[in-house]
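Q: show me the folded form of this:
(chains A and B)
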Amino acid sequence: DAEITQSPRHKITETGRQVTLACHQTWNHNNMFWYRQDLGHGLRLIHYSYGVQDTNKGEVSDGYSVSRSNTEDLPLTLESAASSQTSVYFCASSTGLAGTDTQYFGPGTRLTVL
Amino acid sequence: KNEVEQSPQNLTAQEGEFITINCSYSVGISALHWLQQHPGGGIVSLFMLSSGKKKHGRLIATINIQEKHSSLHITASHPRDSAVYICAVGVGNQFYFGTGTSLTVIP
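A: Okay, the predicted model is just below:
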């Protein structure tokens, strides 16, 4: 069965360190998304990609970067982790555009920045 | 200003009760989505709708485009329905999410 996976599921890091969160999907979807989920804010879009070599900034992209070298993977990098980036991160993928198609979510990564 | 507002924020019901969760939005949308998030975090898409009504098992979702309002109904609620229900609207290439309604169904 097709799926979308994230790793690690839990990560503790220190302020200033570079962190990369992995997202891998076997749906063969062109479109992939990274969200963060914080109490009181709901899910917020960090970055998204509509295909290989395509990346776009979302609502809360400062301090994050992504790269898309193949269809299956969209890693999220925190260049210099900050305590404000402590959150739960979700990756998602879809066939269509963000608002017009069902999105399939990964299980999430809980990141703590000390 | 949040483009998507949900009510109530928290809801406790007895098993068997009929449940309604409301979602209002302030922007023109491509589609509205209802998502379910169980304790432990996994998020699952329940419905995507742009008009009318959809039904899946005990779940019913309706949308009124003119009033910019949607409702999610659960009939004959069960403890396994306990989860956070999230409303999201698609606007162009963007998704805007509500903060969710936490539902607890007591046996």
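Q: return the set of residues that bridge with the residue of chain B found nearest chain A.
A: Using C-beta to the nearest C-beta, the single residue of chain B nearest to chain A is residue B:90, 1.7 Å away. Where C-beta positions appear, they are placed from N, C-alpha and C, glycine not excepted. Note on residue B:90: beta-bridge partners by DSSP bridges are residue B:31, residue B:95.
Q: give the contact list for the residue nearest the centre of chain A.
A: In chain A, the centroid-proximal residue (C-alpha atoms, centre = their mean) is residue A:34; its distance is 2.8 Å. Contacts for residue A:34 (C-beta atoms under 8 Å, 6 or more residues apart in numbering or on different chains) come out as A:21, A:23, A:45-48, A:58, A:64, A:66, A:74, A:76, A:89-92.
Q: distance check, it against chain B.
A: Residue A:34 sits 12 Å away from chain B, taking C-beta to the nearest C-beta, to the nearest Å as the criterion.
Q: now that residue: which helix or strand?
A: Assigned by DSSP states H and E, residue A:34 falls within strand A:31-38.
Q: now the helix or strand following that strand and strand A:31-38, what's the angle there?
A: Next in sequence after strand A:31-38, counting helices and strands by DSSP H and E, comes strand A:42-51. Inter-element angle recorded for strand A:42-51 and strand A:31-38: 160 degrees (by axes from the mean of the first three to the mean of the last three C-alpha atoms, to 10 degrees).
Q: other SSEs contacting strand A:42-51?
A: strand A:31-38, strand A:54-57, strand A:64-66, strand B:83-91, strand B:94-97 (3 or more C-beta pairs under 8 Å, 6 or more residues apart in numbering or on different chains; DSSP states H and E).
Q: can you lay out the ones you listed as JSON lines showing distance to residue B:60 and mean pLDDT?
A: Formatted as JSON lines, the helices and strands packed on strand A:42-51 follow (distance: least, C-beta to C-beta, whole Å; pLDDT from 0 to 100):
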{"stretch": "strand A:31-38", "distance to residue B:60": "26", "mean pLDDT": "95"}
{"stretch": "strand A:54-57", "distance to residue B:60": "35", "mean pLDDT": "94"}
{"stretch": "strand A:64-66", "distance to residue B:60": "37", "mean pLDDT": "97"}
{"stretch": "strand B:83-91", "distance to residue B:60": "13", "mean pLDDT": "93"}
{"stretch": "strand B:94-97", "distance to residue B:60": "21", "mean pLDDT": "84"}
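Q: can I take it that residue B:13 is in a strand?
A: Yes - per DSSP: H, G, I helix; E, B strand; the rest coil, residue B:13 lies within a strand segment.
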